[in-house]
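> predicted model and sequence follow; I will ask about them next.
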Amino acid sequence: MSLSHDAVYKLVRRIPAGRVATYGQIAALTGFPRHARQVGYALAALRGGDDDVPWHRVVNAGGRVSPRAEPGYEDYQRILLEAEGVEFDEQGRLSLARFQWRPEAA
DNA sequence: AGTTTGACGCTCC
DNA sequence: CGGAGCGCCAAAC
């Protein structure tokens, strides 16, 4: 048993607009605490056309948009988040304390 | 089957 | 606070 892409997508879809989650958080929620990277892979497997999954609401533990090979993608993700009300500081960082998604304990 | 490669994360410096 | 190093885990070579 391992972290499936499907499990990741299902969880990411639950992140409400204006909130973000970290790779490690998603991994932990799926029951695989050390699989943060795998979460990244799952999202990478998405084509750009998959607006079904709000991949942009997933950032790294530092509250920063994870750098990707393609130039401009960080900005793109940031734009999407700002459009939802997430604020970034001068360092291109957001406050996890304020915007991190907390799954309902139900 | 061994090595390389990452949308990560934490510790050290 | 910025950068480097190392651990992690699955997938691609």
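Sure thing, it's come through.
> tell me, how many neighbours does whatever residue of chain A ends up closest to DNA strand C end up with?
Nearest residue of chain A to DNA strand C: A:R34, at 3.6 Å (C-beta to the nearest atom of the strand). In short, each C-beta sits where N, CA and C put it, glycine included. Number of residues near A:R34 (other C-beta atoms under 10 Å) recorded here: 10.
> for chain A, what spans make up the strands?
A:21-22, A:58-59 (DSSP state E).
> out of those, which comes closest to A:D52?
Judged by C-beta to C-beta, the one of the strands of chain A that comes nearest to A:D52 is strand A:58-59, at 14.2 Å.
> parallel or antiparallel, list what pairs with that closest one.
strand A:21-22 (parallel) (DSSP bridges).
> let me see the mean pLDDT of the strand it pairs with.
Averaged over strand A:21-22, pLDDT sits at 98.
> same check on stretch A:66-84?
In this model, stretch A:66-84 has an average pLDDT of 90.
> near DNA strand C at all, it?
No - judged by C-beta under 7 Å from any atom of the strand, stretch A:66-84 stays clear of DNA strand C, getting no closer than 11.1 Å.
> and that stretch, what's buried?
Buried residues in stretch A:66-84, counted by 16 or more other C-beta atoms under 10 Å: A:Q77, A:R78, A:L80, A:L81.
> ok, now stretch A:9-17?
A:Y9, A:L11, A:V12, A:R14, A:I15.
> and if you look at stretch A:28-35?
A:L29, A:T30, A:F32, A:H35.
> ok, so of those, who is nearest A:E87?
Once C-beta to C-beta is applied, the member of the buried residues of stretch A:28-35 that ends up nearest A:E87 is A:L29, at 24.4 Å.
> perfect, I'm done here.
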